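> no letters, just coordinates:
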């Protein structure tokens, strides 16, 4: 009986470690997304102010937009959220 409980506890521990690693990976991905996109957008903003162009053009937001879609898919996997298939 003790061996069965030990294996059960080991399985729970392994599952918990895997879950923590998934969450950690998502939050690292989200932090990198924010930091890199702030850097990109600030550079575009400074350059456009210097050249007298408009900052609010769609092509300036391609990276945050498409990377954000990827981040949403990552979040849906980590948090077990699937609005399409339930």
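Sure, I can see it. It should be emphasised that the depicted structure is a prediction, and the values quoted were computed from it without experimental measurement.

> what residues of stretch 61-75 count as buried?
Taking 16 or more other C-beta atoms under 10 Å as the neighbour-count basis, stretch 61-75 is seen to contain the buried residues 61, 64, 67, 71, 74. C-beta: built from backbone N, CA, C; applies to glycine.

> the bottom helix or strand of this protein by mean pLDDT?
Across the helices and strands of the chain, the lowest-confidence element by mean pLDDT, DSSP states H and E is helix 2-51, at a mean of 93.

> and the next element down the chain from it?
The helix or strand immediately downstream of helix 2-51 is helix 62-78, counting by DSSP states H and E.

> quick one: residues contacting residue 77.
With contacts taken as C-beta atoms under 8 Å, 6 or more residues apart in numbering, residue 77 has the following neighbours: residue 22.

> make 19 the first number, not 1, from now on.
With the count now opening at 19, the last piece we talked about shows up as residue 95.

> how much space between it and residue 87?
In this structure, residue 95 and residue 87 are separated by 13 Å, where distance is defined by C-beta to C-beta, to the nearest Å.

> picking that back up, let me have the buried residues of stretch 79-93 in a markdown table, extended by distance to residue 100 and pLDDT.
Putting the buried residues of stretch 79-93 into a markdown table (distance: C-beta to C-beta, whole Å; pLDDT from 0 to 100) gives the following:
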| residue | distance to residue 100 | pLDDT |
| --- | --- | --- |
| 79 | 27 | 95 |
| 82 | 24 | 97 |
| 85 | 21 | 98 |
| 89 | 16 | 97 |
| 92 | 13 | 96 |
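
> SS state for residue 98?
For residue 98, the secondary structure call by DSSP: H, G, I helix; E, B strand; the rest coil comes out as coil.

> how near is it to residue 37?
10 Å.

> between these two, point out the one with more neighbours.
The residue with more neighbours, out of residue 98 and residue 37 and counting by other C-beta atoms under 10 Å, is residue 37; that gives 11 against 6.

> now residue 89: closest residue in space, sequence neighbours ignored.
Residue nearest to residue 89 in three dimensions, not counting chain neighbours: residue 51, with 5.4 Å by C-beta to C-beta, 6 or more residues apart in numbering.

> no further queries at this time; thank you.
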